[in-house]
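Engineer: Need coordinates for the following:
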Amino acid sequence: METALLAAIGMGRDLLHKNEERTSLNKDLPESEHNPDGRGRSIYPTVIGFHQDDDQHWVVELSCGHTQHLRHQPPWQSRAWVLDPARRLEKIGQPFACGWCAQGPDRDNLGT
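Structural biologist: Here you go, the predicted model:
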């Protein structure tokens with residue numbers, strides 16, 4: 001009983017402490033960039049490699065730091081080249097339209 005009373009007093013004391021909140025970062029500060037390491041700034045990212053995910057689907061690795069699945073699922077997605085190791089190798093160093101980079105660094109997902 002005594003322990004419970006001391007715990008309740010301690011909790012009440014915690015509630016009286018002032019909660020200090022930090023101010024939000026402004027959008028124009030470098031700390032608020034979506035990709036502070038510079039990913040996404042390239043106009044035309046290039047293919048730097050490929051790997052397979054857990055479901056054995058091919059994923060392209062891009063110079064901008066992003067990745068994208070490249071599924072071959074005819075008739076909806078026709079990318080037979082991704083199944084051929086030699087044809088994948090031909091794509092290394094080639095430009096690739098990155099959907100993430102196309103969104104731009106200042107995209108506001110919340111809307112107003």
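Engineer: Only C-alpha atoms from now on, for both contacts and neighbour counts.
Structural biologist: Will do.
Engineer: residue boundaries of the strands in this protein?
Structural biologist: 47-52, 58-62, 67-69 (DSSP state E).
Engineer: any idea how far residue 54 is from residue 75?
Structural biologist: Going from residue 54 to residue 75 by C-alpha to C-alpha, to the nearest Å gives 23 Å.
Engineer: ah, wrong one, I meant residue 86
Structural biologist: From residue 86 to residue 75 the distance is 23 Å (C-alpha to C-alpha).
Engineer: ok, now residue 49?
Structural biologist: Distance from residue 49 to residue 75, by C-alpha to C-alpha: 25 Å.
Engineer: neighbour count winner among the two?
Structural biologist: residue 49 (16 against 7; other C-alpha atoms under 10 Å).
Engineer: leaving aside the residues next to it on the chain, what's closest to the more buried one?
Structural biologist: residue 61 (5.0 Å; C-alpha to C-alpha, 6 or more residues apart in numbering).
Engineer: what about residue 83, neighbour count?
Structural biologist: A count of neighbours around residue 83, defined by other C-alpha under 10 Å, yields 14.
Engineer: what's near enough to touch it?
Structural biologist: residue 72 (C-alpha atoms under 8 Å, 6 or more residues apart in numbering).
Engineer: For it, give its distance to residue 89.
Structural biologist: 11 Å.
Engineer: List the residues that contact the residue nearest to residue 92 when sequence neighbours are not counted.
Structural biologist: Spatially, and ignoring its direct neighbours in sequence, residue 92 is nearest to residue 47 (5.0 Å; C-alpha to C-alpha, 6+ apart). For residue 47, the contact set (C-alpha under 8 Å, 6+ apart) comprises 60-63, 91-96.
Engineer: who's residue 47 bridged to?
Structural biologist: With DSSP bridges applied, residue 47 shows beta-bridge pairing to residue 62.
Engineer: and the gap between it and residue 94?
Structural biologist: With C-alpha to C-alpha as the criterion, residue 47 and residue 94 are 6 Å apart.
Engineer: just residue 88 next, same as before
Structural biologist: Distance, residue 88 to residue 94, using C-alpha to C-alpha: 11 Å.
Engineer: No more questions from me, cheers.
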